[in-house]
Structures are given as structure tokens and as C-alpha cells.
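*Asks:* Here's a sequence, model it:
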Amino acid sequence: MSTATVVGGGPAGLVAAETLARAGVAVTVVDRMPSVPRKFMLAGHGGLNITHSEDRAAFLTRYGTSADRLAPMLDVFGPDDLRAWCAELGEPTFVGTSGRVFPQSFRATPLVRAWLGRLAEQGVRLERRQRWTGWDEDGGLRFTGADGGTTTTEQDVVVLALGGASWARLGSDGGWVGAFVGRGIEVTPMQPANVGVRVRWSETFADRFAGVPLKSVALSVRGAGGVPARGDAMVTRGGLEGGPVYAIGAPIRSALAAGGCVIEVDLRPEMSAEHLAARLGRRRAKDSASTWLRRALNLDPVAASLLREAGPLPTDAAAVAGLVKAVPVQVSATAGIEKAISSAGGVRWSQVDDHLMLNAIPGTFVAGEMLDWEAPTGGYLLQASFATGVVAARGALSWLARDR
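*Replies:* Residues are numbered from 1 along each chain as shown. Predicted coordinates for the structure are as follows:
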């Protein structure tokens, strides 16, 4: 019987193990944490958003520059496949009002319990509290246990699914990068993704509005182009966070690297500037600026105050309309990777083939957030993690078949 070691007990690693075991391979999953899959469980605390229901064309745009590489993998294991997989485990899914897909229980625990039970029935062995530290001189995998002892393993194929560099306390700390670089494998430096940004608000604005959402806004990075990201952005004492901020993470990082980043906030994305100007043009002489904005545009206090953060409020209706459509917010930095939901960077696509096998180490495959891709929240992260796990496992099976 062929043997496989899967390193990493997150979604990518476990679905790779399941795919291999179903084909009759003897699989051992090794993870550094005392239980698996920890990050997946955390993702389910507020409702497990497993994937998204939008059409394929829109879905692929969420992966930015990696869309072309991920597209065929999402054809192998896409949103419909993931929903069917959930149903097989006794957790049928439903589509929420935003298009996001959730298990009916809305939680990760029942799904994980059923999944681990099925893996056990398939004969998958789980070895916990073993940290992968690289390769030995003969190419075997080297692990360090909780007691400090070192072991090495040999197997027919390997799938590495060690995660990115966010949520270190859950096992994803990017500690594998050094071993890869030491083998000559190119790795794009890890950076925080799906993370808030730092803004130097005035003390008055921060004191009053920290924890208050800017509702139904659209955000874009000045000069970056692309479709603005819509949703609710949360004001924090030191900046902004939330779905639309995360969705423009890549252009934010690019702008910061180029010397500066300005986010433009459209407070009324459903209205044109001309329509706004017409409404603002009906200002009554006795109206204060706050009353004017509230009557004409129904701006709430946080939105009206954000306009003032940009400087003195113009008196001309057209100028105010233009400001409402693009309130400039100067970003000083992103929050640190310890605050990030996920990370960007990882093993470069040039280092793997279409089956996710490392060019430098035949028979070793890479899956999940170790690869150099990123996506916003909304189910896209989990979907691509599952898809790359399935593709890596199928690649490993093809490799085994070729060897035989």
C-alpha cells in the first residue's frame, strides 16, 4: 500500500488526506497543535461562511492576480462541490441574504466532528504536537515533538499544508518559510491580508465614533482603478476595518509600498454626484451644515463627521457632492499580521506545477495558504483552501500511479 504524509491539519490538509485515503493510500496527518482544525473552528464562531454563491466570473475576480492559476482548481472542486461535501457529512448548506453560504447549523463544530469521524473510518492517522522543521540530509521529513525530541519520516508522497502567517496561536506562523528558502524554493514574503488599516483620526472623531460603522459605503484606493468594494466599514480608534477594507487589501499594500495610500470613501454609492448635487442645492438659509447634510442626504453623524475629517466643508453643493462620493482617508499603514485574518505571500506559483507539486522536490505537493494567493473574506479563503487541497491530493495520486 502506498503511503502519504500530510503536514498540516487545516482544511487544505484534511481534505487532501481524505482524498488520498479514499483512493486507498495509507495517510498520516501531522500537526503541531493539540487539536485540529483550529483555525477552521475559530472561523465558525460567528457563523461558518464556507463558500459563496455568486457566479463563476465574479467569483474568480476575488482572487486577483492568482485567478488564472486558481480557476482550473476551482473547476475541480468548486462551490457546488464543497456544498455537496458538507451535505454528505450531514450538514446541508443555505445561501444567506448576502450570497454567502453557511451550514444549516451555522457552526463549525458539527461539521468538524463528522469530518474527523469519517477520516478515522478511512484509516487516516492523526499525529498531534509535532512541528515540522524541514528535511533531513536524505530528504525525509523532520519533526520536533512537544518534548523536544526529533523524528524523521519517509513516505511515498507528501502534501504540505502548513498555512500562512496569521493566527500564530492557532498554528499558522509562517515558520516553514526558512526551510523552503534553504532548499532554494522561492517564497514571496508574508504580509497581512484581510486586515484593518491605520488612520490618524482627530481625537474628537476617534473618541466619538470608535466602534461605529460606516454603513453601506464603497471604498477604493485612489489611483488604483478597479471596482469599489461595498459594505459596512467599522471605525476603530486607530483606523478602519471590515469587509470592504479587506477587499481592497492588495491595492492598499501596493500604494503604501509606492509611498502613500489614500482610501476614497463613497458615502452614497447608490447615487450619482449629479443627483447628490441637486438634492444639496435645495439648502434652506437657516439650515446648519449638519442639518443640511441630514435633510438632503440622510447622512448619519459618523458619515457627516467623516466629511469634516477631510477638512473644512465646502459651501458649494457640487463640491460637497464630489466630496461625499470620494471622502479622502489617508492611510498610514496596515495593522500588523498578528491582527490579520489571513496572509498574502507564500510559495510562488512558478515553484509548483499545475498539480501543485514542487518543481524542486518531486513527490512533494503544496496546498492552502502556503501558496502565494489571497482573497477577501466571504467564503473565498476556505473555498480555495479546499480546492488546492483536493488538487494537491489528486496530483499526489497521479504521481503514485506513475511510479507504479
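*Asks:* Check the secondary structure at Ile185 for me.
*Replies:* Classification of Ile185 using DSSP: H, G, I helix; E, B strand; the rest coil returns coil.
*Asks:* number of nearby residues for it?
*Replies:* For Ile185, the count of nearby residues is 19 (other CB atoms under 10 Å). For every residue, glycine as well, the C-beta is placed using N, CA and C.
*Asks:* Kindly report the same for the one 5 residues further on.
*Replies:* Taking other CB under 10 Å as the neighbour definition, Met190 ends up with a count of 21.
*Asks:* what kind of secondary structure is it in?
*Replies:* strand.
*Asks:* That one and Gly174, how far apart?
*Replies:* Using CB to CB, to the nearest Å, Met190 is found at 5 Å from Gly174.
*Asks:* Now the common contact residues for these two.
*Replies:* Residues touching both Met190 and Gly174 (CB atoms under 8 Å, 6 or more residues apart in numbering) are Gly164, Ala165, Ser343.
*Asks:* Isn't the last one up against Val187?
*Replies:* No. The pair Ser343 and Val187 does not pass the contact test of CB atoms under 8 Å, sitting 11.7 Å apart.
*Asks:* and those two? which has more neighbours close in?
*Replies:* Ser343 (24 against 18).
*Asks:* could you point out where this protein is predicted with low confidence?
*Replies:* 44, 403-404 (pLDDT under 70).
*Asks:* Let me see the domain layout of the protein.
*Replies:* 3-192+342-403, 197-334 (automatic domain parsing).
*Asks:* Between those, which shows the greatest average number of neighbours?
*Replies:* Of all the domains of the chain, domain 3-192+342-403 has the most neighbours on average by mean count of other CB atoms under 10 Å, namely a mean of 19.
*Asks:* tell me what the longest helix seen in the chain is packed against?
*Replies:* Taking DSSP state H as the criterion, the chain has its longest helix at helix 380-403. Counting contacts by 3 or more CB pairs under 8 Å, 6 or more residues apart in numbering; DSSP states H and E, helix 380-403 packs against helix 11-22, strand 51-52, helix 67-76, helix 79-88, strand 157-160, strand 364-366.
*Asks:* can you rerun that using 6 Å?
*Replies:* helix 11-22, helix 67-76, strand 157-160, strand 364-366 (3 or more CB pairs under 6 Å, 6 or more residues apart in numbering; DSSP states H and E).
*Asks:* Identify the bridge partners of the nearest residue to Gly182 once chain neighbours are set aside.
*Replies:* Ranked by CB to CB, 6 or more residues apart in numbering and with sequence neighbours excluded, the top spatial neighbour of Gly182 is Gly134, at 7.0 Å. Listed by DSSP bridges, the beta-bridge partners for Gly134 are Arg142.
*Asks:* how far away is Gly134 from Arg142?
*Replies:* 5 Å.
*Asks:* Same question for Leu116.
*Replies:* Leu116 is 26 Å from Arg142, where distance means CB to CB.
*Asks:* can you check Ala319 too?
*Replies:* 64 Å.
*Asks:* so the nearest residue to Pro72 once chain neighbours are set aside is in which element?
*Replies:* Closest residue to Pro72 apart from its sequence neighbours, by CB to CB, 6+ apart: Asp354 at 7.2 Å. Per DSSP states H and E: Asp354 is located in neither a helix nor a strand.
*Asks:* Mind listing the residues bridging to Ala218?
*Replies:* With DSSP bridges as the rule, Ala218 is bridged to Arg230, Asp266.
*Asks:* Pretty sure it sits against Gly231.
*Replies:* No. Counting by CB atoms under 6 Å, Ala218 does not reach Gly231; the two are 8.3 Å apart.
*Asks:* Show the contacting residues for the spatially closest residue to Glu154 that is not a sequence neighbour.
*Replies:* Excluding its sequence neighbours, the residue lying closest to Glu154 (CB to CB, 6+ apart) is Gly140, at 5.0 Å. Contacts for Gly140 were tallied using CB atoms under 6 Å, 6 or more residues apart in numbering; they are Thr152, Thr153, Glu154.
*Asks:* Would you mind measuring from Gly140 to Thr152?
*Replies:* Going from Gly140 to Thr152 by CB to CB gives 4 Å.
*Asks:* Can you get me the start-to-end distance on stretch 155-169?
*Replies:* Chord length of stretch 155-169, first to last residue, is 29 Å (CA to CA, to the nearest Å).
*Asks:* Stretch 326-345 too?
*Replies:* So stretch 326-345: terminal residues 30 Å apart, CA to CA.
*Asks:* Give me the contacts around that stretch.
*Replies:* So stretch 326-345 is in contact with 164-166, 188-199, 261-265, 306-307, 310, 372, 374, 381, going by CB under 6 Å, 6+ apart.
*Asks:* next one: stretch 97-110
*Replies:* 40-41, 44, 47-54, 86, 91-96, 111, 378-379.
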